[in-house]
Each structure stands twice: as structure tokens, then as C-alpha cells.
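J.: pasted the sequence and its predicted model underneath.
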Amino acid sequence: MLTLATISHHTAPIAIRERLGIATDDLNSVLERAQLKLGPTAIISTCNRFELYVSGTHEAEQVLDFIEMLTAGNRQEINRHFHILHDREVINHLYRVSAGLESMILGESEILGQLRGAFSAATDAGLDDMTMVRLFHGAIRAGRRARHETAIGHHALSVSSIAVQQARALHPNLEDAHVLVIGAGEAARLTAEALVTQGVHKVTVANRTVSRAEALASELRGNAVSFDELPDALSRCEVVVAASGAPNAIVEYDLVADVIRRREGVPLLFIDIGMPRDIDPAVNDLPGVNYHDMEGLQEIAAENGQAREREIGAVETVLEEEAAIFLNWWDQLASQPTIALLNRRAERMRQTAIEKSLRKLDIDDTARQEIDALTRTIVKRMLHDPISLLRQRGDQERQYIEAARTLFNLDDEVSTKTSDTDPTVS
């Protein structure tokens with residue numbers, strides 16, 4: 001059995017969610033407290049979601065009481081924004097989270113790493129529950145499969161990832177491309193970092209304040225230039241990322257036209273994320289120039305978003321397959337104690353009957369062994385169909401387990417087993 005308390009961007013505004021964040025340094029102690037209070041626990045805590053996974057069936061009030069104590073939150077807000085799920089709903093939800101179907105950016109890959117981190121933190125805090133371990137292993141595998149077997153993550157949605165996508169389309173050997181970054185603010189840095197992560201190692205940063213250019217260039221392991229050196233920097237690069245924050249365009253049409261004449265057909269990509277724009281949009285008319293401003297990038301993001309949405313059905317098929325694997329294991333796990341009792345009771349009855357009968361017969365050891373083997377086979381065949389049905393249907397329809405326990409008087413078998421093994425029982 002499983003219980004989940006979840007809050008996310010789907011159910012609560014950021015003002016509520018930000019009060020629930022857990023610092024990395026505090027996560028271990030929080031998990032230890034949760035495991036003492038609720039049992040085996042794992043927590044996924046990101047900027048967009050807070051989720052408390054617990055092994056066992058827990059009432060909503062019990063879990064929400066713990067969250068209220070943990071966060072010192074407003075109980076009315078907690079009751080309003082948290083959703084409580086149980087059992088199969090928990091499994092389906094976590095598998096969707098792992099594939100990025102519940103993310104703010106559909107199909108984003110970061111959540112899979114966050115899920116791995118959450119599981120690792122839980123195990124570090126002492127999680128050893130078989131169901132929880134199997135659940136998270138299955139979810140991580142499902143998330144990997146979703147990204148490997150579908151195109152849910154192939155279409156870039158963020159500005160930085162679209163910049164990488166466009167750069168690689170023009171320059172397949174991105175490692176050899178030279179990137180010019182105009183501006184040293186956050187937007188320029190994030191886009192440049194994405195390119196560097198993908199293998200770019202020749203970066204030049206141009207900024208009106210050279211000291212800021214030098215600081216960003218140091219982070220990117222590149223070099224810095226002043227705006228006066230832009231013509232020369234433009235002639236040496238293949239990709240330009242512009243986000244200077246300047247009130248007027250910095251790169252004029254005539255400058256780019258002059259640069260293009262000297263490039264001998266080498267294409268030039270402009271990613272202009274400045275507001276207002278840093279580059280004259282007319283440069284897009286020049287041969288060999290590919291220009292994208294924020295409006296163009298948003299159009300690409302919208303198209304890519306639609307492409308990802310078309311993959312949802314394929315992803316859900318993968319998740320259903322993986323969930324079925326977990327549920328098959330779980331169903332057998334749930335019915336296993338009853339199956340074990342049924343086998344034990346049948347074996348007890350078989351041995352009692354054989355011992356009683358063999359005392360009356362004058363036969364040798366070979367005959368005794370043949371009778372023993374024959375009765376084992378008879379019992380095994382008689383129990384085959386009931387046990388198969390319990391494995392297939394036991395947890396999905398609990399009445400099968402209850403019926404087996406009643407028909408074969410298995411609760412009495414539990415009492416017999418206890419009296420056999422507990423010296424305090426007379």
C-alpha cells in the first residue's frame with residue numbers, strides 16, 4: 001500500500017509552494033522525522049512541486065498533520081492545495097512525473113535527475129522498504145524509456161535549449177564553433193552556458209563594461225572584448241548570442257553586411273534575446289545569416305511544444321507497460337502470504353494423513369517414498385488453479401484472498417503457526 005501527499009504548480013500558486021521548500025542540508029533530518037512519524041518515506045522537493053511518498057495506507061489527516069508540523073504552514077491552505085493519493089494512483093502519478101508529463105515544461109529532463117536525487121536522499125536516511133525501492137526504481141526506468149523511445153524531449157522549449165538546437169542545425173560539429181556573447185547579464189549567461197555544456201569551448205564575451213565581460217568570460221573559460229572590438233569579433237564567430245539590455249540596436253545592418261562579405265560563405269547565426277533587440281532584424285535578409293529574436297524563438301517553442309504534445313500518447317503507452325510490470329510484482333506480493341498459508345495448511349494435512357496411514361501398513365522405504373511423492377503431486381495439482389487465480393487476481397479483487405482464507409480456514413492456520421513457534425502460547 002502507498003500514500004502520496006502532493007502539491008505542485010497545478011494545484012497551488014508560487015507564493016504557497018515557496019514556503020514548502022526544503023534546503024538540501026535539512027532534507028536528511030526531515031526524512032528521518034518522517035520515517036519515525038509515518039514510516040518509510042521519500043520526498044521530492046523542487047521549485048514546482050513538493051511530494052511526500054509514504055509506504056502503507058495513511059489517512060489524509062495523519063499525513064497533513066505532519067506537513068503542517070514540518071512547515072509551520074496554514075492548515076486551511078494545506079488542506080486546500082495538497083492532494084492525497086493512494087496505491088495505484090500513486091504509482092501512475094510518480095511514473096508521469098518521471099516522464100515529465102506533470103512538469104511545467106512538458107517532457108523536461110531535469111525532473112528525472114531530481115527524482116534520482118530524492119530516492120538517493122531517502123536511502124541515505126535509512127529507507128529500506130521493498131515496495132518503495134521497487135516503486136522508485138520502476139519510475140526511473142520508465143522515465144528513461146519515455147525519453148529514449150519517444151520524442152518527448154527532442155523538441156527544445158527554453159530559449160537556451162532552442163539556441164543550442166539552432167546552432168547545432170547550422171554547425172553539426174558544435175565543438176568547433178566560435179560563440180560571441182553580447183552582454184553579460186543573466187539571459188546571456190544562461191544561453192552561453194547551455195552552448196558550453198554542449199561542447200562549445202571558444203567563447204568571446206563583449207560588453208560595454210569590460211570588467212563584467214571579463215567576469216562572465218572567466219566563468220565560460222573564454223575571453224573578453226569591448227564593444228569597440230565587435231567588428232573583428234563578429235568576423236571570427238559562427239554563433240552570436242545578444243542580450244545586452246542596451247536601449248538601441250548595437251549590431252547594425254551595414255556592419256553585418258560588411259562582415260558577411262569577408263566570411264566566404266560561412267553561415268552566421270544570431271540569437272537576439274535582447275529587449276529591446278540588440279541586432280537590426282534586417283540582417284536576416286543577408287545571405288548566410290540566420291536571425292532569431294524573442295518572437296521567433298517563442299514561435300519555435302510553440303511549434304516544439306505541439307510536437308511534444310503529440311508524443312504524449314506514445315509516452316503514456318510506455319508508462320502503462322512499466323506500471324504493469326510493477327503492479328504484477330505488487331499483486332503477487334500482496335497475495336503471497338495467503339498462498340504461503342495455503343501451501344502450509346495443505347502440507348500439514350498431507351503429512352498428518354500419510355503418517356496415520358503408514359503406521360497401519362507394512363511396507364518398505366521405497367514404497368513409502370513413492371506414496372510420499374504421489375501425495376505431493378496430488379496436492380500440488382489440486383492447488384494449482386486456486387493459487388494461479390490468487391496470483392492473477394488477488395490484489396485487484398480482494399474478495400479472492402478473503403474467499404481463500406475462509407474456504408481453507410487459513411486464519412486458523414495463522415494461529416496454529418503462532419502456537420508452534422511461540423513458547424508463550426499454551
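T.: Nice, I can see it. Numbering: from 1, shown residues only.

J.: what about the residue lying closest to Ala257 once chain neighbours are set aside, how many neighbours?
T.: Excluding the flanking residues, the one nearest Ala257 by C-beta to C-beta, 6 or more residues apart in numbering is Leu286, at 5.9 Å. Yep, even glycine has a C-beta here, placed from its N, CA and C like the rest. Using other C-beta atoms under 10 Å, the number of residues around Leu286 comes to 16.

J.: do the same with the one 3 residues further on
T.: Residue crowding around Val289 was assessed by other C-beta under 10 Å; the count is 20.

J.: quick check: it touching Val259?
T.: No: with contact taken as C-beta atoms under 8 Å, Val289 and Val259 are classed as non-touching, separated by 9.5 Å.

J.: can you give me the strands in the stretch 151-300 of the chain?
T.: Secondary structure of the stretch 151-300 of the chain by DSSP state E, counting those that start in this stretch: the strands cover 178-182, 202-206, 223-225, 239-242, 268-272, 289-293.

J.: so what sits against both of Val289 and Val259?
T.: Common neighbours of Val289 and Val259 are listed as Leu268 (criterion: C-beta atoms under 8 Å, 6 or more residues apart in numbering).

J.: buried sites along the helix or strand harbouring Arg147?
T.: Counting by DSSP states H and E, the secondary-structure element that holds Arg147 is helix 130-149. Using 16 or more other C-beta atoms under 10 Å as the test for burial, helix 130-149 gives 131-133, 135-136, 138-143, 145-147.

J.: stretch 45-55 too?
T.: Neighbour counts over stretch 45-55 (16+ other C-beta under 10 Å) mark Ser45, Thr46, Asn48, Arg49, Phe50, Glu51, Leu52, Tyr53, Val54, Ser55 as buried.

J.: out of these, which two sit at the greatest distance?
T.: Distances among the buried residues of stretch 45-55 were taken as C-beta to C-beta; the most separated pair is Asn48 and Ser55, at 24.5 Å.

J.: make TSV out of the buried residues of helix 130-149 and add distance to Glu108 and pLDDT.
T.: Compiled in TSV, the buried residues of helix 130-149 are given as follows (distance: C-beta to C-beta, whole Å; pLDDT from 0 to 100):
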residue	distance to Glu108	pLDDT
Thr131	28	89
Met132	24	94
Val133	25	93
Leu135	21	96
Phe136	19	97
Gly138	20	96
Ala139	16	97
Ile140	15	97
Arg141	18	97
Ala142	15	97
Gly143	11	96
Arg145	16	96
Ala146	12	96
Arg147	10	95
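
J.: need the pLDDT of Ile152.
T.: At Ile152, the model reports a pLDDT of 93.

J.: near it, how many other residues are there?
T.: Per other C-beta under 10 Å, the neighbour tally for Ile152 reads 25.

J.: I'd like the distance between the nearest residue to it once chain neighbours are set aside and Phe119.
T.: When the adjacent residues along the chain are set aside, Ile152 lies closest to Gly107, with 3.9 Å between them (C-beta to C-beta, 6+ apart). Distance of Gly107 to Phe119, computed by C-beta to C-beta, to the nearest Å: 21 Å.

J.: and stretch 62-76, how far out from the chain middle?
T.: Once both centres are worked out by C-alpha atoms, centre = their mean, to the nearest Å, stretch 62-76 turns out to sit 25 Å from its chain's centre.

J.: one more: stretch 198-218?
T.: On the basis of C-alpha atoms, centre = their mean, stretch 198-218 sits 34 Å off its chain's mean C-alpha point.

J.: stretch 60-78 too?
T.: Going by C-alpha atoms, centre = their mean, the spacing between the C-alpha centre of stretch 60-78 and its chain's C-alpha centre is 25 Å.

J.: ditto for stretch 76-86
T.: Its chain's C-alpha centre lies 21 Å from the corresponding centre of stretch 76-86 when counted by C-alpha atoms, centre = their mean.

J.: which residues touch that stretch?
T.: 1-7, 11-12, 16, 57, 60, 63-64, 67-68, 71, 93.

J.: for the nearest residue in space to Thr46 that is not next to it in sequence, grab the count of nearby residues.
T.: Ranked by C-beta to C-beta, 6+ apart and with sequence neighbours excluded, the top spatial neighbour of Thr46 is Gln114, at 5.4 Å. For Gln114, the count of nearby residues is 18 (other C-beta under 10 Å).
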